[in-house]
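**Q** What would the 3D arrangement of this be:
(2 chains)
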Protein chains: 2
Amino acid sequence: MGRQYSNTSSIQIWQPNPALDLPIYRQIEAYIRQKITTGEWSAGTRLPSQRTLATSMGVNRSTLVTALDNLTAAGMIEGRHGGGTYVSGSGWHSMAHAALPNWSEAAQEGWYYPNLPEIQQINQAEFRPGIIRLGTGELAPELMPNEAFNKILQTLSSQTRMLNYIEPQGSLALREALSIHLQSNGIQASPDSILIVSGSLQALHLISVGLLPRGSAVLLEKPSYLYSIHAFQSAGLKLNGIAMEEEGLHLGHLEHAIHTLHSGNDENNSESFPLLYTIPSFHNPTGSVMSCRRRDELMSLARKSGISILEDAAYQELWLDHPPPLPLKAMDQEGRVLHMGTLSKAVSPGLRLGWLVGPVPVIRRLADIKMQTDYGTSSLAQEAAAVWFTDGHHTTHMERLRPELRKRRDFMLELLHRYFHDIAEWATPEGGFYIWLRFTAEPLSTRKLFSACLEADVLIHPGYLYDRLDASHIRLSYAYASQDEMERGLMVLVEVARSLIT
Amino acid sequence: MGRQYSNTSSIQIWQPNPALDLPIYRQIEAYIRQKITTGEWSAGTRLPSQRTLATSMGVNRSTLVTALDNLTAAGMIEGRHGGGTYVSGSGWHSMAHAALPNWSEAAQEGWYYPNLPEIQQINQAEFRPGIIRLGTGELAPELMPNEAFNKILQTLSSQTRMLNYIEPQGSLALREALSIHLQSNGIQASPDSILIVSGSLQALHLISVGLLPRGSAVLLEKPSYLYSIHAFQSAGLKLNGIAMEEEGLHLGHLEHAIHTLHSGNDENNSESFPLLYTIPSFHNPTGSVMSCRRRDELMSLARKSGISILEDAAYQELWLDHPPPLPLKAMDQEGRVLHMGTLSKAVSPGLRLGWLVGPVPVIRRLADIKMQTDYGTSSLAQEAAAVWFTDGHHTTHMERLRPELRKRRDFMLELLHRYFHDIAEWATPEGGFYIWLRFTAEPLSTRKLFSACLEADVLIHPGYLYDRLDASHIRLSYAYASQDEMERGLMVLVEVARSLIT
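**A** Residues are numbered from 1 along each chain as shown, chains lettered A, B, ... in the order given. Next up, the predicted model:
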């Protein structure tokens, strides 16, 4: 998980045809009129800016303005105070029909949070041609196992399959393959205690609505990836950040936070047991690894204080130098740990395939909710994932991927050393995707840095996405950009940073 | 959509090995002990009944009881008042660890509703060997396009693909294919106004959290499939059922309900516009088709009264005698109708592939929420679906499927005529999967009918799943059971029914 999408994707590209007899501005008029009268652009829809529209249509701004003026005169669109052009609520149909559906307003009614504005900006920019993505938490397309997937599809095409609904916990073949795979990470989990999900994000969502009462608190590292999404907040949960130190989560602070929760300051929580969300291996965004000793201490504290743990192991296998300590789940003998894994980071985000390991009652309850949400993960994705593990593709792929990622990491570190040694500091990540860069020169506004880089077609992830109060970090990723892009991108970054410092 | 899952799936089958030196009861003890000490069966987990356990393990009940007695003596499990054996909260680990995670309790904390008990019973029974499924809303495995899917996978295996995250509204290739496909149903929808979802159930879920304020009312036909699931209720919405007559929804009643909502009897709703959920073609469970005239009148009423419409077109293409009237969306010129389609009914439920058509602001808002829920539908399923349409598989399949389904429908009608003519009545469905059978002899408890049939390994869907107060209907489906099963199943049904009448 590391990418979010905005609700402002560009409207599909249409261009007028100069070969037609109809003048260009009339063609534009007809196009927009058709969008409105079919209801696709319903009352209240905001049109893209004139610049955006003119560029995407490949026409002069003045031609566009003529078309828009005519549509305005016809009452189909209207300017509004504060800027922007909107589809009118009346005019293009009989006035007798007073009650037009205003979906734009309705779209603000539901209780689910929209994505953060900065996240929306990032996601829009990701599709911009020529953009250099220095923060993207996703493997570059060339690092993905395309050939292996063609082989898998070949294999699947000669098998009979089950096109009917499949078992609620997910395909047994896949759960059996995962049960074996998890053993290589020290986790004993029978297929019964595994739930297949459409990526870890869905697991978070299911846990938030299925296990945790509204208003309850979730403890987590600060900074954390979880702050950049709304999975938990939309379910009415409160995030309670705990500071990190080099070995991982600060246990003194954690203990204090648990104590505060238990002492009933928070009425809603007095009855419920707190849940700790943690990314012990190659943490997002800091890249740090919780030490073996800290894991032991954390498990003891959990036992003593009665908290449960949600372990996000998305990066567990993406070690570059040596494997990290075993997952917390491998140390769990009470069913205290829920363990999330995914194919999205190391293999393919588009496949949407993840798993959750936990006590049977939890897995069943969440399977029931998953069935009520989407009737299960696509059978095709599950079949492909089962073959991915059973035919040994996973092992081969990881062995090929690690040296490639290591090369990219080392290259980025070299560039950082060359350009940033006097204005920033960072640790060498031993795996995962991220470098958590801290600017040592104060004051430097990472907001301004983000905007100025974006102007120059370089995309970074500012630290405040992961900790609202952070003012000095950015998250870099060596997984996505090519070496050439890294070099060009980091040169832009350092130039912008220096201009902001002086 | 027509199948739900329970949270009581059977625990995976394990059996003791008589060839081992260890006595059978010791093997059982060791097996359960291991389940408990790894936390898979966490504190508070309820064990299956002795009968179920003994049967699934293939052992004598007395052998099982010996093992359970030993585990009870060791404090690992305990009987409870009111019956049932549960994993203890203590005993198998140091007493110092007072705070064990009780996930079974936690699993009742989240605010998402569990499935209805009857639905849970049905879903459990569906996996019982030898069961005859007379109500299942799903194509029989032999009616599914297995060969076509092998061809599609073959095609995909020679293409390069995008394993990265895909566009939030879904793959453009698929949306383009759907845009063309929808034209054959009279719907003009550009790819911009289409959202790919993991089945219609997910569309319902997204709408419920993204467009409708908590506490608002959703109007719908009564009976309706929507009563059998919790998609809307779990989001805090209220269902407001409207009676049906032969031509479809009773518009007088609908108008009255809208008026009541508008007059502000319901404080929460005075501000919001009501949404009507309807299945105009081959309604689930009644099988009825809304007439062309009624569709016109409904659209007029919607315009006049300002309501919006959510059209569920899951069965639209499953006509058997002649196509139904065009979808409501084809008559919509204001963006008043949201239109849901799916591959689950006519093609493959396991693929989890559906679409929602609507005004761009709605589609964007829901795409944003979908990305926050699961980061999109599996790319593999989307690729397969795109090829399904563009390579002409869909048309070929529908042409082959219709005569097969017609044969099954006619066969079931013939059996009904032979066995049920004096105790029940029904209409001939012109498409879809369902016959809505009404028992004319009073009183007949459909609850007792359901249980007694289940005892005899015949599964029917009682009418009260679709209308809490219904006491005389059952939903039959001719899509799943084979002709032989239909004959045997209906003979059991009529026998049980007659025994309950006299």
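
**Q** Where does the record place the domain boundaries for chain A?
**A** A:24-106, A:117-138+A:399-501, A:186-383 (automatic domain parsing).

**Q** want to throw those into CSV with mean pLDDT, mean neighbour count and distance to chain B?
**A** In this view, the C-beta of every residue, glycine as well, is placed from N, C-alpha and C. Formatted as CSV, the domains of chain A follow (pLDDT from 0 to 100; neighbours: other Cβ atoms under 10 Å in any protein chain shown; distance: least, Cβ to the nearest Cβ, whole Å):
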stretch, mean pLDDT, mean neighbour count, distance to chain B
domain A:24-106, 78, 17, 3
domain A:117-138+A:399-501, 94, 18, 6
domain A:186-383, 90, 22, 2
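
**Q** Quick one: distance of stretch A:443-458 to the chain centre.
**A** 21 Å (Cα atoms, centre = their mean, to the nearest Å).

**Q** Using CSV, list the CA coordinates for it.
**A** Extracted in CSV, the C-alpha atoms of stretch A:443-458 (Å, rounded to 0.1, in the frame of the first residue of the first chain):
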residue,chain,number,x,y,z
PRO,A,443,13.7,26.5,8.5
LEU,A,444,12.7,24.7,5.3
SER,A,445,9.0,24.4,4.4
THR,A,446,8.4,20.9,3.0
ARG,A,447,5.1,22.2,1.8
LYS,A,448,6.9,24.8,-0.4
LEU,A,449,9.4,22.1,-1.4
PHE,A,450,6.6,19.8,-2.5
SER,A,451,4.9,22.5,-4.5
ALA,A,452,8.0,23.8,-6.1
CYS,A,453,9.2,20.3,-7.1
LEU,A,454,5.8,19.6,-8.5
GLU,A,455,6.1,22.7,-10.7
ALA,A,456,9.3,21.3,-12.0
ASP,A,457,7.7,17.9,-12.6
VAL,A,458,9.3,16.1,-9.7
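
**Q** Scan chain A for its longest strand.
**A** Scanning chain A for the strand with the most residues, using DSSP state E, yields strand A:238-245.

**Q** Next SSE downstream of that one?
**A** strand A:248-249 (DSSP states H and E).

**Q** Identify the residues contacting that following strand?
**A** Outside strand A:248-249, the residues within contact range by Cβ atoms under 8 Å, 6 or more residues apart in numbering or on different chains are A:221, A:242, A:278, A:280, A:283, A:288, A:289, A:290, A:291, A:294, A:295, A:298.

**Q** what helix or strand does the residue lying closest to residue A:219 once chain neighbours are set aside sit in?
**A** In space, and not counting its chain neighbours, residue A:219 is closest to residue A:276: 4.4 Å by Cβ to Cβ, 6 or more residues apart in numbering or on different chains. Applying DSSP H and E as the criterion places residue A:276 in strand A:275-278.

**Q** Paired strands for that strand, with orientation please.
**A** strand A:217-222 (parallel), strand A:308-312 (parallel) (DSSP bridges).

**Q** can you list contacts of the last one?
**A** Contacts with strand A:308-312, where a contact means Cβ under 8 Å, 6+ apart, come from A:200, A:207, A:225, A:273-280, A:298, A:302, A:327-329, A:332, A:336-340, B:101, B:103, B:106.

**Q** gap between that strand and the chain center?
**A** The answer for strand A:308-312 is 18 Å, by Cα atoms, centre = their mean.

**Q** swap in stretch A:239-246?
**A** Counting by Cα atoms, centre = their mean, stretch A:239-246 comes out at 20 Å from the chain centroid.

**Q** For that stretch, output the C-alpha coordinates as CSV.
**A** These are the backbone C-alpha positions of stretch A:239-246, laid out as CSV (Å, rounded to 0.1, in the frame of the first residue of the first chain):
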residue,chain,number,x,y,z
LEU,A,239,-5.3,7.3,15.8
ASN,A,240,-2.9,7.5,18.8
GLY,A,241,0.6,8.0,17.6
ILE,A,242,3.6,6.6,19.5
ALA,A,243,7.2,7.9,19.0
MET,A,244,9.8,5.7,17.4
GLU,A,245,13.5,5.3,18.2
GLU,A,246,16.2,3.5,16.4
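
**Q** which residues of the stretch 301-450 of chain A fall in helices?
**A** Secondary structure of the stretch 301-450 of chain A, counting by DSSP state H, counting those that start in this stretch: helices at A:360-374, A:379-390, A:393-420, A:446-455.

**Q** Need those helices in a markdown table (columns: distance to residue A:55).
**A** Formatted as a markdown table, those follow (distance: least, Cβ to Cβ, whole Å):
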| stretch | distance to residue A:55 |
| --- | --- |
| helix A:360-374 | 38 |
| helix A:379-390 | 37 |
| helix A:393-420 | 33 |
| helix A:446-455 | 17 |
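
**Q** give me the beta-bridge partners of the nearest residue to residue A:283 once chain neighbours are set aside?
**A** Nearest-residue entry for residue A:283: residue A:221, 6.6 Å, with adjacent residues in sequence omitted and distances by Cβ to Cβ, 6+ apart. The partner list for residue A:221 in beta bridges (DSSP bridges) reads residue A:242.
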